[in-house]
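> need coordinates for the below:
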Amino acid sequence: MNPSDVVQNLINQGILVTSEMLNQIKQGTYIPQEEQEAPPIHIIENYTKPSNPRTMEDFVAHYTTRFKLIERMLRQRPELRNITSISRLATQKASGNASIIGMIMDKRETANKNIMLTLEDLSGQTKVLISGKDEKLLEEAQNLLLDEVIGITGQAGDGIIFANEIVYPDIPYTELKKSPTEEYIAIIGDIHYGSKQFLKEEFERMIAWLNGQVGSEEQRTIASKVKYVIFIGDIIEGVGVYPSQEEDLIIKDIYDQFEGFSQYIKAIPKSKRIIICPGNHDAVRLAEPQPPIPQDYAKTLHTLPNVSLLSNPSTFVIGKTTGFPGFTVIIYHGYSMTYFADHIPRIRAAGGQKRADLIMKVYLQRRHLAPTQTSNQYIPDPEDDPLVIKTIPDFLITGHIHRVAIAKYKSVTMVNGSCWTGMTENQIKRGLENQPGRLPLINLSTREVTVINFHKEEHE
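Numbering: from 1, shown residues only. I've put the predicted structure just below:
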């Protein structure tokens, strides 16, 4: 086929021919998107262990494993010098400076407006007093969560430490990596396909955009450079997720929901790597980590060569080439976000569920996606805690609360996805305020994040 015929064929398909494409066509190096292979990803963590009955010993081992993982991080903090085990501290008669690492077993306010913590390590427990006279430290203590692992420096007393500083495991500063190639990640959250409130028109417009069929010339050029499309959970509405959900369903069979969603995925160019993790609506166990969406429910998804079905949460590397190490990405649907919004006063006062940026920052500071036992349902794996943030990411991507949030913490770009559903009564009861139809795009060569708004109300 001569170059003019190739160009005309692309125009007939509604595809904008960019100057870059035209040069490739003239040189005979142009490969249509549907014939290009999707870039690979390199998986670091993907939880696939089956559900098994758990014993009390498993719970104890799980928390011990978590403690050891985060203790190792805290021991790298320069603020924590001469760390002492709690049992050894109890045998020391002389008072003086002390540093300990412990899991928060209890937190309460005293009659004198102080905060008293009970911290536990592998050797024992001790009380930690945060004085109400130190307003900054008191505020920090008010934002602590049960079951998280922290460091404390202070003055040792008889069976107590008078705290001077609270130390988080936190993430270190790392290099702000930028890709040598202009490529993009598109982030799609909470589609809820099968719901009466599914925004079909907006979602199909977005799929057309990914195919380069709509948008300005600049946008179509960007669409052709989207190499990774991340679906951050709740891809379907599910069945029986909450009481009276059937009233909200237009598709009442879960297999049909997955099949309908799969047809949209098939319409995305095969040159784009599609990464999907489940959410709490997606027919997998509610307990986290959630395994990848199984083939039994989503047969078509499992046949698509450019689709990677991962666990929630999961960690992987994208954009790796000769001479460039790629980017580490952590994806987490975000079930614990509601708990963080309700139980951390600093976040609650700043807007609660509207402040996914603050919640993601706390995830990174505490190095855990759901430390408190009641913040999610979880699998007490005695050998691991997959919700511990072990690897420092370049990108942390979440969803669940149906609003776009974009922020940077140290060298980590944090993005919370939008949604593709209108409001249901259940969402209103949960305090959600949807911001639908937005598509965040991360430019891997600049680390800038832009948002395209497909919500039809904005186009009327």
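
> which residues belonging to the longest helix anywhere in the chain are considered buried?
Secondary structure of the chain per DSSP state H: the longest helix is helix 56-74. Using 16 or more other C-beta atoms under 10 Å as the test for burial, helix 56-74 gives 58, 61, 62, 63, 65, 66, 67, 69, 70, 71, 73, 74. (Each C-beta comes from the backbone N, C-alpha and C, glycine too.)

> what is the nearest of these to residue 282?
residue 62 (24.0 Å; C-beta to C-beta).

> how many neighbouring residues does the residue nearest to residue 445 when sequence neighbours are not counted have?
Leaving aside its chain neighbours, residue 445 sits nearest to residue 182 (4.4 Å; criterion: C-beta to C-beta, 6 or more residues apart in numbering). As a burial measure, residue 182 scores 13 neighbours (other C-beta atoms under 10 Å).

> swap in residue 425?
11.

> run through the residues that contact it.
For residue 425, the contact set (C-beta atoms under 8 Å, 6 or more residues apart in numbering) comprises residue 248.

> what do you get for the one 3 residues further on?
For residue 428, no residue meets the contact criterion (C-beta under 8 Å, 6+ apart).

> equivalent analysis for residue 396, please.
Taking C-beta under 8 Å, 6+ apart, one finds 329, 330, 332, 360, 363, 364, 412, 413, 414, 415 in contact with residue 396.

> hang on, it in a strand?
Yes: per DSSP: H, G, I helix; E, B strand; the rest coil, residue 396 lies within a strand segment.

> quick check: bridge partners of it?
When assigned by DSSP bridges, residue 396 has beta-bridge partners residue 330, residue 414.

> distance to residue 407 and pLDDT added to the buried residues of helix 56-74, as TSV?
Output for the buried residues of helix 56-74, formatted as TSV (distance: C-beta to C-beta, whole Å; pLDDT from 0 to 100):
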residue	distance to residue 407	pLDDT
58	36	93
61	35	96
62	31	96
63	30	97
65	30	98
66	26	98
67	29	98
69	25	98
70	23	98
71	28	98
73	22	98
74	24	98
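
> returning to what we had before: out of the contacts of residue 396, which is nearest to residue 258?
Proximity of these to residue 258 (C-beta to C-beta) peaks at residue 332, which lies at 21.4 Å.

> how much space separates the spatially closest residue to residue 36 that is not a sequence neighbour from residue 327?
The shortest distance from residue 36 to any non-neighbouring residue, by C-beta to C-beta, 6+ apart, is to residue 271 (3.6 Å). To residue 327, residue 271 is 19 Å away according to C-beta to C-beta, to the nearest Å.

> and for residue 49?
With C-beta to C-beta as the criterion, residue 49 and residue 327 are 26 Å apart.

> between those two, which one's more packed in?
Taking neighbours as other C-beta under 10 Å, residue 49 and residue 327 compare with residue 327 leading, 22 against 13.

> contacting residues for the nearest residue to that one once chain neighbours are set aside?
In space, and not counting its chain neighbours, residue 327 is closest to residue 394: 4.2 Å by C-beta to C-beta, 6+ apart. Taking C-beta under 8 Å, 6+ apart, we find residue 394 in contact with 177, 327, 328, 329, 411, 412, 413.

> what sits against the last one?
So that's residue 413. 394, 395, 396, 406, 442, 447, 449.

> the same query, at a cut-off of 10 Å, please.
176, 185, 327, 329, 393-397, 406-407, 442, 444, 447-449 (C-beta atoms under 10 Å, 6 or more residues apart in numbering).

> among the residues you listed, which one has the most neighbours?
residue 397 (27 neighbours).

> quick check, residue 341 in a helix?
Yes: counting by three-state DSSP, residue 341 is located in a helix.

> how many neighbours does it have?
What residue 341 shows, counting by other C-beta under 10 Å, is a neighbour count of 21.

> one more: residue 388?
20.

> now do residue 201
Around residue 201 there are 13 residues (other C-beta under 10 Å).

> does it sit in a helix, a strand or a coil?
Going by three-state DSSP: residue 201 is helix.

> okay, it: pLDDT?
Note on residue 201: pLDDT of 96.

> give me every residue that touches it.
Contacts of residue 201 (C-beta under 10 Å, 6+ apart): 437, 454, 455, 456, 459.

> mind jotting down where the helices sit in this protein?
Counting by DSSP H, the helices of the chain are 3-12, 19-27, 56-74, 86-91, 135-142, 200-210, 217-224, 254-266, 337-343, 345-350, 356-366, 425-429.

> domains of the chain?
3-30, 42-51+173-458, 78-167 (automatic domain parsing).

> among these, which comes closest to residue 36?
domain 42-51+173-458 (3.6 Å).

> which elements pack onto the longest helix of the chain?
Packed against helix 56-74, as judged by 3 or more C-beta pairs under 10 Å, 6 or more residues apart in numbering; DSSP states H and E, are the following elements: strand 96-109, strand 149-156.

> now that helix against strand 96-109, angle please.
Counting by axes from the mean of the first three to the mean of the last three C-alpha atoms, to 10 degrees, helix 56-74 lies at 130 degrees to strand 96-109.

> centre of the chain to helix 56-74, how far?
Relative to its chain's centre, helix 56-74 lies at 22 Å (C-alpha atoms, centre = their mean, to the nearest Å).

> sorry, back to before: which residues does the residue nearest to residue 445 contact?
221, 222, 225, 227, 443, 444, 445, 446.

> contacting residues for the second one?
In this case it means residue 222. 182, 184, 186, 209, 212, 215, 216, 441, 443, 450, 452.
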